[in-house]
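Enquirer: Predicted model, plus sequence, below.
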Amino acid sequence: MSSAPRQPLELFAIDGLLTEEERAIRDVVRDFVERRIKPEVADWFEAGTIPARELAREFGELGVLGMHLEGYGCAGTNAVSYGLAAMELEAGDSGIRSLVSVQGSLAMYAIHAFGSDEQKDEWLPRMAKGEAIGCFGLTEADFGSNPSGMRTAAKRDGDDWVLDGSKMWITNGTVADVAIVWAQTDDGIRGFVVPTDTAGFSAREIHKKMSLRASVTAELVFDGVRLPASAMLPGVRGLKGPLACLNEARFGIAYGTLGAARDCLETALSYAIDREQFDKPIAGYQMTQQKLTDMTLELGKGMLLAIHLGRLKDAHAITPEQVSLGKLNNARESLAIARECRSILGGNGITLEYPVIRHMNNLESVFTYEGTNEMHTLIIGQALTGIPAFR
Ligand code: TGC
Ligand code: FAD
C-alpha cells in the first residue's frame, strides 16, 4: 500500500512543540528566504559575492538583527524563536545565517552585554536596522582553537589605547562599520569597539574559498590604531568575554545547521521520488529508503535537542557545555546528512542547480568555526570527567 510522501520533520510533529508566536516568526523568515534568498543564492555562491549592505537593511526591516536582545530597537524574542529564524536563514545558505548571527549574536551581543551606555546608544539601534554592520575579531592566524594565546595587543598611551596586530577569518570584515576586537592588555584580554574608518585599520577579503562563498571573510590589520579610552568594553575582562559571545552564536548554529540539513533532505527526498532508474523511482529501493530514514532520524533528533536547549536558554538555565552538545551534534550530523543527500542526487548532486553541494561545502566551515568538532568534544569531555584535555 502506498501513501502520500511526508516531510521529515512532520513525522516528528515538531510544530506541536512550538508556540503560535514561534511558528509565526519562523514562517515569516521562511517566506523571506524563499522569496529573496533561494532564487539568487546559488549565483552569489558561484560569483563569491553577496550584496551584504542591501541584505543587512532588509534583515533589519525583517527584525532578525539582534532579535533576541532587549531594547535599542531589537525585537526581544525568546531564544527558541531566534533559533528557528537561524534555521530558516541557513536553509537558504550558511553564509546568510552567518551575516545575521555575527551581527546579532557576536557584535551586537558583545556591546549589549558588556558595553557602556554610550556604546549601546551609538551602535545598537543602527545595527538593529542594518544601517551599520558589525564583525567580531577573535581568531588570529596562529591562534584559532586557542584564542588565549592571541598576540593582538592594546597599549595605553595617555588616556588613549593604541591597537596593533591582526585577526584572521573574520566574517563581514570588509563590509563592517564596526569591529569588536579582542586584544591583550596589561589587564588581560579586553574587548574594543573599533569603527572601521579609524586610521590604521584595514581589511582584506579572503578569496579562493570553496565554502561560505556567499559570505564575506576577511583578515583585519591594526597598525597603530588609536582609540579613545571609551572604546574599551567596560563590562568584561578575560577570555570569558568573547567565549560568552560564542555561547550565543553557537546556540544559533545548533539550529541553523538543521536548516541546511532539512533543505538537503527535502531536496533529496523529492529527487528520489521523481528520479527513475531500472524502471522505477530510486526512492523505491531499500538502500535509498535506508538513507532517507537514517537522515530523518538524525534531523529529528537534532531538532528535539535544539528545542530542548532553547527551552533551557529561555529559562536562563543553559550551560556552555550544553551549548556544545548542540553545536557539536547538529553541525556534525547536518554535514553527514548533506554528504548522504549528495550521493542520492548522483551526478546532479555536484552542480549548483541543486542546493545540496552548496550546503555541504558550507557546512565544512560551520563544522570548523565557532569551535571545531574537536574543541566541543573536549568541552564535553571536560564536563564528563572534570579533566581539561585541551593542553
Ligand atoms: P578556559 O581557561 O577554559 O576559560 C577561560 C575563562 O573563560 C571561561 N569560559 C567561558 N565563559 C563563558 N562561556 C564559555 N563558553 C566559556 N568557556 C570558558 C572560563 O570559566 C574562564 O573564566 P575565568 O573567570 O576563570 O577566567 O580557557 P582555555 O584557554 O583553556 O580555552 C578553552 C576553550 C578551548 C574551550 C576555548 O578557547 C574555545 O572555545 N576555543 C575555541 C575557539 C572558538 O570557538 N573560536 C570561535 C571564533 S568566532 C567564530 O568562529 C565566528 S564564525 C561566525 C560566523 O560566520 O557565523
Ligand atoms: P586550528 O585551531 O589550527 O585547528 C586545526 C585542527 O586542529 C582542527 O581540527 C582542530 O580541532 C585541531 N585541534 C586544535 N587544537 C586541538 C587540541 N587541543 N586537541 C585536538 N585537536 C585540536 N573567527 C572569528 O574570530 N570571527 C569570525 O567572524 C570568524 N568567521 C569565520 C568564518 C569562516 C568561513 C571560517 C572558516 C572561520 C571563521 N572564524 C572566525 C575562525 C574560526 O573560528 C577558526 O577557524 C576556528 O576556531 C579554528 O581555528 P583554526 O582555523 O586556526 O584551526
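Expert: It's in. Ligands and ions are numbered 1, 2, ... in the order given.

Enquirer: For the residue nearest to the spatial centre of the chain, give its distance to ligand 1.
Expert: Of all residues in the chain, the one closest to the mean position by C-alpha atoms, centre = their mean is Ser98, 4.3 Å from it. Counting by C-beta to the nearest ligand atom, to the nearest Å, the gap from Ser98 to ligand 1 is 3 Å. C-beta: built from backbone N, CA, C; applies to glycine.

Enquirer: Pull out the buried residues from stretch 307-314.
Expert: Within stretch 307-314, the residues that count as buried by 16 or more other C-beta atoms under 10 Å are Ile307, Leu309, Gly310, Leu312, Lys313, Asp314.

Enquirer: can you list the residues of this protein near ligand 2?
Expert: Taking C-beta under 6 Å from any ligand atom as the contact definition, the chain meets ligand 2 at 102, 136-139, 144-145, 169-171, 212, 217, 365, 368-369, 372, 374-375, 390.

Enquirer: which ones are touching Asn330?
Expert: Contact analysis of Asn330 by C-beta atoms under 8 Å, 6 or more residues apart in numbering lists Ile253, Ala254, Tyr255, Thr257, Leu258, Gly302, Leu305, Ala306.

Enquirer: Let me fix that, I meant to ask about Lys120.
Expert: Counting by C-beta under 8 Å, 6+ apart, Lys120 has contacts Tyr72, Ile111, His112.

Enquirer: Which of these ranks first by neighbour count?
Expert: Within those, most neighbours by other C-beta atoms under 10 Å means Ile111, with 26 neighbours.

Enquirer: what's the strand or helix carrying that residue packed up against?
Expert: Per DSSP states H and E, Ile111 falls inside helix 109-114. Using 3 or more C-beta pairs under 8 Å, 6 or more residues apart in numbering; DSSP states H and E, the elements in contact with helix 109-114 are helix 117-129, strand 188-195, helix 240-274.

Enquirer: Most tightly packed of these?
Expert: helix 240-274 (a mean of 24; mean count of other C-beta atoms under 10 Å).

Enquirer: Report the angle between that one and strand 188-195.
Expert: 70 degrees (axes from the mean of the first three to the mean of the last three C-alpha atoms, to 10 degrees).

Enquirer: near ligand 1, anything from helix 240-274?
Expert: Yes - applying C-beta under 6 Å from any ligand atom, one finds helix 240-274 touching ligand 1 at Lys240, Leu243, Ala244, Leu246, Asn247, Ala249.

Enquirer: can you map out the strands along the stretch 1-150 of the chain?
Expert: 134-137 (DSSP state E, counting those that start in this stretch).

Enquirer: Show me which residues of the helix or strand where Lys291 lies are buried.
Expert: Using DSSP H and E, Lys291 maps to helix 286-314. Judged by neighbour count (16+ other C-beta under 10 Å), helix 286-314 contains these buried residues: 288, 291-292, 295-296, 298-300, 302-303, 305-307, 309-310, 312-314.

Enquirer: just stretch 215-235 next, same as before
Expert: Quick answer for stretch 215-235 (16+ other C-beta under 10 Å): 215-222, 225, 227, 231-233.

Enquirer: Max pairwise distance over those residues: which two?
Expert: Farthest-apart pair in those is Ser215 and Met232; separation 28.6 Å (C-beta to C-beta).

Enquirer: Sketch out the low-pLDDT regions of the stretch 101-250 of the chain for me.
Expert: Within the stretch 101-250 of the chain, not a single segment meets pLDDT under 70.

Enquirer: Show me which residues of it are close to ligand 1?
Expert: Counting by C-beta under 6 Å from any ligand atom, the stretch 101-250 of the chain sits next to ligand 1 at 101-102, 138-139, 145-148, 171, 238-240, 243-244, 246-247, 249.
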